[in-house]
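Visitor: I need the structure of the sequence given here:
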Amino acid sequence: MAPASGMDASMAPPIDDVKNWMHMFRWIVKLIRDEWEIDEARLVRGAVLEGDCGLQVEDLERVLGIIGESFTVRFPPGTLDEVVKLDELCMLASWLKGYYKRPEFLSDGFVDACAGLNPACA
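Guide: Below is the predicted model of the structure:
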C-alpha cells in the first residue's frame with residue numbers, strides 16, 4: 001500500500017509536542033492514519049505492524065524513514081525483525097531519541113547497534 005500523498009519528512013506531522021513515548025505513539029498513529037489511510041481503530045498499541053495495521057514491509061521501511069528524518073534518529077538494519085508491534089516501534093523510536101528507557105524486548109546485539117547510531121540512547 002503506497003502512502004496517500006507520497007509524503008516525506010518535510011510534510012510529516014509537527015514534532016514540537018512529542019516529549020515522551022505516548023506522544024510518539026500518537027504522532028506515529030497520525031502519520032500512518034493520514035498517509036496510508038489506515039483506519040485509526042486498527043492502530044492500537046498491540047497491533048502487529050504487518051498484519052493488524054495493514055502495512056507491507058515497504059510501507060514500514062518508509063515509516064521508519066520518516067520517523068528517522070523527523071526526529072533525527074537512525075534505525076539499524078534488522079529493525080523490522082526486532083520490532084513487531086506498533087507500541088514496540090513507538091518505544092524504540094522514543095528510546096532512540098532519548099524520551100524513554102531502553103525497551104526490555106530488544107536483544108543485546110540490536111541495542112548495541114542502536115547505541116552506535118544514536119548517542120541519545122547510549
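Visitor: how much space between residue 51 and residue 82?
Guide: Counting by Cβ to Cβ, to the nearest Å, the gap from residue 51 to residue 82 is 17 Å. Heads up, the C-betas are built off the backbone N, CA and C, glycines and all.
Visitor: Figure out the helix or strand that the residue most central in space within the chain lives in.
Guide: Central residue of the chain (Cα atoms, centre = their mean): residue 89, 4.4 Å from the mean position. Counting by DSSP states H and E, the element that carries residue 89 is helix 86-97.
Visitor: That helix - contacts with which helices or strands?
Guide: With contacts defined as 3 or more Cβ pairs under 8 Å, 6 or more residues apart in numbering; DSSP states H and E, helix 86-97 has these neighbours: helix 21-36, helix 57-71, helix 108-117.
Visitor: and the first one with helix 86-97, angle?
Guide: With axes from the mean of the first three to the mean of the last three Cα atoms, to 10 degrees applied, the angle from helix 21-36 to helix 86-97 works out at 120 degrees.
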